[in-house]
Structures are given as C-alpha cells and as structure tokens.
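Sequence and predicted model, in that order:
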Amino acid sequence: MPASTSLPIWKIHDDILSVVRKGNRLVLVAPTGSGKTTQVPQMLLDAGIAGEKMIVVLQPRRVAARTVATRVAWEREAKLGAEVGYQIRFDDHTSVGTRICFVTEGILLRWLQDDLSLSKIGAVVFDEFHERNLLSDVALALVKHLQQTQRPDLAMVVMSATLDAEPVAAYLDQCPILISEGQSYPVEVGYLSLLDPRPITQQAAEAVERILDDDSPGDILVFMPGRGEINGTLDALRGLRSRERVACIPLHGELEPQEQDRAFAANALRKVIVATNVAETSITIDGIRHVVDSGLARVARYDAERGIGTLLLEPISRASADQRKGRAGRTAPGTCHRLWTLIGQKDRDERNTPEIQRSDLAEVVLLLHSLGIREAAGFDWL
C-alpha cells in the first residue's frame, strides 16, 4: 500500500521538502490526525533528503517506536526490520538495508557515543518534541552542534502537535516554521459539574458504562496515570451492569509486546482500552470514538531535600488534555469525558514542565562527559 497521501500533511509536502533542502532545519507543527509521524519520514526518504544514509525518527516512548515502525513498514509493503525498522532497549528490528529507523532518545545518544559524527545517518526527526524529555533536549543540542561543525549535510526536523514553535525555531537559528492543518472530527467534551470524591477508577468505569448505555458506536480509550490505576479500573469494569459485552484491555509500557498488540488488533467485541499516557501521542488505535480522561499522570521529579527522584501524581496540562481528546476524533466524531470540572480545567498549566526543570541532572552530566563535554553549565541547552 502506498503512503497515505490523502492525509493533511501531504498538503504541505512540497514546502517541507523545499525548506529541508534549502537549510536542513525545520520546525513542523501538525495537529493530531495530520499524519506527520508516519508520513514525514517517508517524504524525506522518497525525496532522497538523506541520500544513501538512514533517516532516524526519535520517539519518546518504546511503544510508539515499535507500533509506528510497524505501520510505516506496512504502508510501504515491506517486512519490518528491512527498509523500515526500529530499535529500542533490548529489542532491535533493523538490518543493513534499513533506511527509516524509529528509536528512543537513549538509542541515538548511545550511537553518538560510538560514532560522534553519526556517519551512517542523513536525517534526524524529533517527533512529539513538546514532551521535552531530558534526553530529547540533549539529543537536539548535540545534533545541532554536529550539524554546525562536522555535518552540515545532516537534516533536522522537529515535530509536534502542541509545540510552542517559536522558541525552538529561535534556538535553531531562526529556522523556518511550517504549520499543517489537522484531520480531526468534532469531539464533544464533557466535564463534571461537581468534584467527585470517589476513587478515579470507579468514576472512569461509570463513565464507560454511560457510553455503553447510550449505544454510541466505537471503541473507548480510558486514560489512567499508572499500572495500579489501570488494574483498579479493569476490576471496576468487570462489575459493569451494561448489557453489552466488551473486551477490556490494558496498555502500558511494562507489558510484553504481544500484550500491547492486543490494543491495536481487531476484536469482535467493542474494545475498552485502559492506558497510561503512552496512548497520548504518536500511536493510533483504530476505532477509538470515545475518551475517558482521569486528568492525571505520574510525573518524575527530583526531591532535592531527600536527594532522590520520585514519581508524583499530578494533574496533566491543558496541552496534554487536548492531545488525549484528539484520540477520539481521528476517524469520526467522538466524545471526551473529563473527570474534572470546567473550573479545574482553567486552573491547569498550559503546557508540561520540561523534564530538565524537574529532574536530577547527574546522569546527563556524566553522559556529556563521555562525549567530551566537560562543562554542563555551558552546554547549549534549549
């Protein structure tokens, strides 16, 4: 099957290639449903932007790297691991002939330690950069420095649906910004009228029950902050009084790949997928028409007083809430049931706090030392 040229990102196909050819740098803002994650790497490959070298696409999560690579390989009618592959921790599906490779940031940084010039790579695409992972910030700075010194031929594309593009473009020496239209259907958003003191798992299960009782077609995606809440929600779903039988499926990063694949596979029953924020970006689960959002996520923060990192349960930002809502409007009109109030929505942060502002930097300092950078404070941080 050829690339999905009907997706909105193809409307700016010529602009994307023109900008990258002229300056080798681009910031691309493309909403959920535009097709940026699967189509832009194929555009670069087919246009010869990387020459005979590999195009590397950075993904913030292993689930996304694996599932998107599988999708792109299918579109190009190729075996996974041949022309299109992926490499994540403990899982390498690449070969000598791989031209598009989806990886997590840690893999690219390890490659940099082995080959400071990235001699086998012709283009680096930073996908979902709005998440501002610490390793993605480091990778962006290192690739920028490499492009300015040894590899002026190396192409860089930074992409996101909710990225604040201007600061990133300024950091990349005022490189061009392109904005794509999204392909999204209307999503009806509902809030709680009053705060509900009951466990969020029970609230989510009752929201699922209301959707089923309304006879609204389509699968349901429930966002929970972690594995414990996912299991609690699945337990609550087993007590549903709905007449309809459903397939309740967990999705998080600690599952084995074959267990994760259940969320993407066709099912004779309506699917109710209970996921962490691994389902928030990049990956597409066909058939989702309804989202139930707990509004919570577990966020890693460094506790300076105790000298340790910890995971805190926190409200998600408005940008993350919009990403989650967009999961329901990919293929048809949908609904989003937010388990917080409208006033609570206005009190949320606009965007996520970058990881560099909330994490212990010791590991990154050691990484920079291994790459010959002795002064982390003077490093070219975004």
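Good, I have the coordinates. Numbering: from 1, shown residues only.

For residue 288, see how far away the residue lying closest to residue 289 once chain neighbours are set aside is.
In space, and not counting its chain neighbours, residue 289 is closest to residue 218: 2.3 Å by CB to CB, 6 or more residues apart in numbering. No exception for glycine: its C-beta is placed from N, CA and C like everyone else's. Distance of residue 218 to residue 288, given as CB to CB, to the nearest Å: 7 Å.

now residue 85
27 Å.

Then residue 268?
For residue 268, the distance to residue 288 (CB to CB) stands at 17 Å.

Out of these two, name the residue with the larger neighbour count.
Per other CB atoms under 10 Å, whichever of residue 268 and residue 288 has more neighbours is residue 288, with 22 against 6.

give the contact list for the spatially most central residue of the chain.
Nearest residue to the geometric centre of the chain (CA atoms, centre = their mean): residue 281, 3.5 Å. Contacts for residue 281 (CB atoms under 8 Å, 6 or more residues apart in numbering) come out as 32, 60-61, 64, 128, 131, 161, 323.

Now render these as CSV, adding neighbour count, pLDDT and distance to residue 53.
Listed next are those as CSV, based on neighbours: other CB atoms under 10 Å; pLDDT from 0 to 100; distance: CB to CB, whole Å:
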residue, neighbour count, pLDDT, distance to residue 53
32, 24, 78, 30
60, 24, 88, 23
61, 22, 88, 25
64, 26, 90, 23
128, 24, 88, 23
131, 24, 83, 26
161, 23, 79, 28
323, 25, 87, 32
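
and of those, the nearest to residue 333?
residue 32 (14.6 Å; CB to CB).

The closest one is in what secondary structure piece?
Assigned by DSSP states H and E, residue 32 belongs to neither a helix nor a strand.

Quick check: it touching residue 319?
No - judged on CB atoms under 8 Å, residue 32 makes no contact with residue 319 at a distance of 11.3 Å.

secondary structure class for residue 38?
Judged by DSSP: H, G, I helix; E, B strand; the rest coil, the three-state class of residue 38 is helix.

From what I see, it and residue 30 are in contact.
No - counting by CB under 8 Å, residue 38 stays clear of residue 30, with 11.3 Å between them.

which one of these two has more residues nearby?
More neighbours surround residue 30 than the other of residue 38 and residue 30, with 26 against 20 (other CB under 10 Å).

quick one: contacts for that one?
By CB under 8 Å, 6+ apart, the contact set of residue 30 is 8-9, 36, 159-161, 179-180, 182.

Determine the set of other helices and strands touching the helix or strand containing residue 16.
Assigned by DSSP H and E, residue 16 belongs to helix 13-23. In terms of contacts (3 or more CB pairs under 8 Å, 6 or more residues apart in numbering; DSSP states H and E), helix 13-23 is packed against strand 25-29, helix 36-46, strand 155-160, strand 177-179.

what does the shortest one rub up against?
Counting by CB under 8 Å, 6+ apart, the neighbours of strand 177-179 from elsewhere in the structure are 12, 15-16, 19, 26-30, 165-166, 169.

List just the nearest of those residues to residue 341.
Among those, residue 29 lies closest to residue 341 (CB to CB), at 29.6 Å.
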